[in-house]
Structure formats: C-alpha cells, structure tokens
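In: Predicted coordinates and the sequence they were generated for:
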Amino acid sequence: MAFRRRNKSYPFFSQEFLIQNHADIVFSLVILVLIGLMFETTAKTAILFIQPQHNVTTLSAEGEVTFYHYGWKDSATILFYCFIAIILHAVVQEYLLDKVNRRLHLSKSKNTKFNESGQLCVFHLVSSVWSLYIVITEGYLFHLSSLWENYPHLHLRFQVKFFYLTQLAYWLHALPELYFQKVRKEEISRQLQYICLYLLHIAAAYLLNLSRLGLVLLFLQYVSELGFHIARLFYFTDENHQKMFDLWAIGYVFTRMVTLTLMFLAVGFGLARSENQGLDLEMGNFNTVLIRMTVLLLVCFTQSWLLWKFIRFQLRRWRESRLEQALRKKAAAKQPLRTLKRDSLAQHENGVLKAENGASPRSKKLKSP
C-alpha cells in the first residue's frame with residue numbers, strides 16, 4: 001500500500017527513505033499485530049495493543065457491566081493507535097490535501113499552514129462530534145453536578161476510556177510527524193507548544209480521574225479550534241474571506257470564559273466541599289488542597305496565555321488592516337488628475353473643439369468629390 005508517489009528512490013535505511021516510506025513501514029507493523037490475533041500463542045500479546053485493558057466487571061440492575069481504569073498496559077494500546085493515527089494522517093494528506101494544494105498553487109509557507117489546518121480540521125471535527133456524543137449519552141451535559149459528584153471517577157465506560165487513549169495517541173503521533181512532514185524550524189516551536197499543552201492537560205485529566213470534566217472542556221476546546229481552522233482554510237482559498245475570523249473570535253473568548261467558569265465551579269467549589277478529601281492512590285483519590293490549587297493554577301495560566309496570544313493576534317490584524325487602508329489612500333491621492341489640453345486659439349472638452357469664448361465653431365461642409 002503506497003501512500004505517496006515515488007519520484008525518486010533512496011537507499012534503504014537512509015533519512016529520505018524513512019521520511020518517504022514512513023506510512024508504509026507503520027502500516028506493515030499494524031498488519032503484523034493483526035496477524036498475531038490469528039494464532040493462539042500470540043493472540044494474548046496482540047490483544048494488548050488493540051483492546052483497552054484493566055477492565056472490571058460489576059453487577060448492576062442492568063446485569064453485568066464492564067468498567068475500565070488506567071494502568072501500565074495502556075501504553076501498548078496508545079502505541080498501537082499512534083501507528084493508526086500516522087496511517088490516517090498519510091491518507092488525509094495524500095488523497096485530500098495534496099489534491100487541493102495542486103489546484104490552489106499556494107506558496108511554500110501557506111502550503112505548510114494549509115496542510116496543518118487541513119489535518120487539524122479533520123481531527124477536531126471527529127473529536128468534537130465524538131466527545132459531544134459521549135457527553136450526551138453519559139448525562140454530563142444536563143447534570144453539571146455530575147462533573148464533581150462521586151469523585152474519584154475511577155471506573156470508566158469503554159467509550160470514555162477509548163476516547164482518552166485515542167486522544168493521547170493522536171497528540172503523541174504529532175511529535176514524529178514534525179520530522180516526517182519536514183516542518184520548518186520557525187514553525188516547530190509553535191507547534192510543539194500546543195502539542196505539549198494538549199498532552200499535559202489530557203494526561204492530567206485521565207490520571208487524576210477528572211475524566212468527566214476533561215471531556216466537557218475538550219469538547220469546548222475542539223469546537224473553538226475547529227472554527228479557527230475552517231476560517232483559515234477559507235482564507236487560503238480566497239483572502240477576502242475574513243469575516244469567519246470575526247465569528248471565531250467571539251467563540252474563542254466565550255470558550256475561555258466557560259472553561260474558567262467550569263474549572264472554578266468543579267474543582268474550586270465542587271471538590272472542595274466534597275466529603276471524600278485526602279490522597280489515596282489505591283482508590284484514585286487526589287482530592288487535596290495542593291493538587292486542586294495546582295490544577296486550577298495550571299488551567300488559569302494556560303487560559304491566560306491563550307487569551308494574551310489571541311489579543312496580540314487581533315491587534316496585529318488591526319494594525320495590518322489600518323496600514324493597508326492608509327496605503328490605499330496614499331495610492332489614490334498620488335494618481336495624476338486628467339488635465340485639459342488647450343491650444344492657443346481653442347480648447348478640447350469631451351472631444352469637441354471649442355473656442356475661447358466657449359462657443360463651438362461651425363463645422364465646415366466637405367465638398368463631395
């Protein structure tokens with residue numbers, strides 16, 4: 001299965017060979033794991049990579065219900081779905097984004113940002129719809145008190161745990177993609193910032209058993225980012241499409257305010273008034289003053305930093321628009337006015353010869369030959 005067109009062959013195990021064929025190599029590893037399911041001796045090992053582990057079966061009114069919690073075996077599952085994310089990344093790039101790029105004829109810098117927004121647009125769309133479905137089916141949306149009640153939320157349903165594992169796998173796959181996609185040095189630091197922030201916040205919500213609160217906040221964040229990347233894609237196709245950035249700006253500020261409100265409501269007030277206080281690693285309880293303050297400070301610092309970047313971005317856009325308008329006015333003022341050509345005895349106005357007193361001279365009749 002070839003994902004990219006081979007214009008030139010490179011020596012085996014060389015850097016260019018690895019970059020050009022990384023999706024095919026990863027695809028071979030995935031097939032190897034799937035083949036392991038076919039044999040009894042390797043099936044138990046292969047299932048560690050495919051299916052979430054650390055499950056517990058309990059009896060309820062509905063019958064036997066299976067819940068999951070985190071453990072060291074999750075690293076194998078995250079690694080496998082990291083490989084899946086690399087393959088899907090190559091599929092979207094080859095069969096969607098590259099075809100659009102060939103029609104748009106963008107510059108190299110715009111082409112890099114277009115590919116980045118295209119990949120993240122697909123991911124944010126899928127993740128926002130998926131997280132909204134989980135929030136509705138689990139009942140978190142209409143019962144906000146469930147975000148902190150009955151803490152710690154140690155036991156997770158399959159869809160919740162699988163969502164967190166795939167989220168961690170996607171953002172981990174984004175690190176080697178910086179090398180595979182040959183991202184420019186000036187772009188690496190910017191992309192590393194938001195990749196590490198996503199990994200830090202998702203891992204903290206997963207490991208501290210704040211999965212319900214993390215799901216709601218991830219949904220809000222992904223919807224906001226989806227609007228930004230859609231606006232940027234439309235801007236690259238036609239630079240006159242800038243009104244979508246204004247709509248995104250309103251949603252961005254709203255997301256920051258709702259995120260801070262939910263954090264103070266759930267962590268600052270809900271968990272602080274909970275009867276289950278103290279640190280218990282076996283029960284997964286991290287409801288202490290130090291951990292709560294650390295989580296609140298981390299989220300507040302992140303949201304403040306994002307708002308600061310947003311304000312700088314809007315001010316830069318405003319200065320650029322003002323500068324562009326000033327240049328247009330100067331260019332219009334420098335255009336020379338059309339002067340009227342005057343002869344010594346007459347002047348031309350609108351293509352008609354007039355005398356100095358303003359009267360049109362009589363036109364002489366031409367004699368017919």
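Out: Ah, there it is. Numbering: from 1, shown residues only.
In: tell me how far stretch 233-245 is from the chain's mean position?
Out: The chain centre lies 17 Å from the centre of stretch 233-245; the measure is Cα atoms, centre = their mean, to the nearest Å.
In: if we look at it, which residues are touching it?
Out: Residues from elsewhere that reach stretch 233-245 (Cβ atoms under 8 Å, 6 or more residues apart in numbering): 104, 106, 110, 113-114, 117-118, 121, 227-228, 230-231, 317. Quick note: C-beta positions are derived from backbone N, CA and C, even for glycine.
In: can you rerun that using 6 Å?
Out: Contacts to stretch 233-245, defined as Cβ atoms under 6 Å, 6 or more residues apart in numbering, come from residues 110, 114, 117, 231.
In: so of the residues you listed, which ones are in helices?
Out: Residues of these located in helices (DSSP state H): 110, 114, 117, 231.
In: and stretch 307-323, how far out from the chain's middle?
Out: With Cα atoms, centre = their mean as the basis, stretch 307-323 stands 20 Å off its chain's centre.
In: now do stretch 66-84
Out: The answer for stretch 66-84 is 23 Å, by Cα atoms, centre = their mean.
In: What's the end-to-end length of that stretch?
Out: Stretch 66-84 has an end-to-end distance of 25 Å (criterion: Cα to Cα, to the nearest Å).
In: tell me which residues in that stretch are buried?
Out: 67-70, 74, 76-84 (16 or more other Cβ atoms under 10 Å).
In: Which strand or helix spans residue 325?
Out: helix 289-333 (DSSP states H and E).
In: Could you export the ones in helices among the contacts of stretch 233-245 as TSV, including neighbour count?
Out: Shown next, in TSV, are the ones in helices among the contacts of stretch 233-245 (neighbours: other Cβ atoms under 10 Å):
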residue	neighbour count
110	15
114	21
117	22
231	19
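In: Excluding chain neighbours, what is closest to the spatially most central residue of the chain?
Out: Most central in the chain under Cα atoms, centre = their mean is residue 120, positioned 4.0 Å from the mean C-alpha point. Excluding the flanking residues, the one nearest residue 120 by Cβ to Cβ, 6 or more residues apart in numbering is residue 229, at 5.1 Å.
In: what about that neighbour, distance to residue 222?
Out: 10 Å (Cβ to Cβ, to the nearest Å).
In: Same question for residue 250.
Out: For residue 250, the distance to residue 222 - Cβ to Cβ - is 17 Å.
In: more crowded one of the two?
Out: The neighbour comparison of residue 250 against residue 222 (other Cβ atoms under 10 Å) goes to residue 222, with 23 against 10.
In: Is the more buried one in contact with residue 124, as I believe?
Out: Yes. Applying Cβ atoms under 6 Å as the test, residue 222 and residue 124 come out as touching, 4.6 Å apart.
In: Need the pLDDT of residue 365.
Out: According to the prediction, residue 365 has pLDDT 45.
In: For the stretch 1-150 of the chain, just list every one of the strands.
Out: 55-60, 63-68 (DSSP state E, counting those that start in this stretch).
In: Distance from the chain centre to the first one, please.
Out: Right, strand 55-60. With Cα atoms, centre = their mean, you get 36 Å for strand 55-60.
In: Can you point out the buried residues in whichever helix or strand residue 258 is part of?
Out: Secondary structure assignment for residue 258, by DSSP H and E: helix 243-263. Within helix 243-263, the residues scored as buried using 16+ other Cβ under 10 Å are 244, 245, 248, 249, 251, 252, 255, 256, 259, 260, 262, 263.
In: What pairs with the very next helix or strand once past it, parallel or antiparallel?
Out: The helix or strand immediately downstream of helix 243-263 is strand 278-280, counting by DSSP H and E. Looking at strand 278-280 with DSSP bridges, its partner strands are strand 285-287 (antiparallel).
In: Just the mean pLDDT for the partner strand, thanks.
Out: 91.
In: Name the surrounding residues that touch it.
Out: With Cβ under 6 Å, 6+ apart, strand 285-287 has contacts from 152, 208, 271, 276, 277.
In: Check stretch 54-73 too.
Out: So stretch 54-73 is in contact with 48, 52, 53, 154, 155, 156, 161, going by Cβ under 6 Å, 6+ apart.
In: wait, isn't the second one in contact with residue 159?
Out: The one in question is residue 52. No. When contacts are counted by Cβ under 6 Å, residue 52 is not listed as touching residue 159 (10.2 Å).
In: These two: which has the busier surroundings?
Out: Taking other Cβ under 10 Å, residue 52 and residue 159 do not tie; residue 52 has more neighbours (18 against 13).
In: For the more buried one, give me its contacts.
Out: 68, 77, 161, 162.
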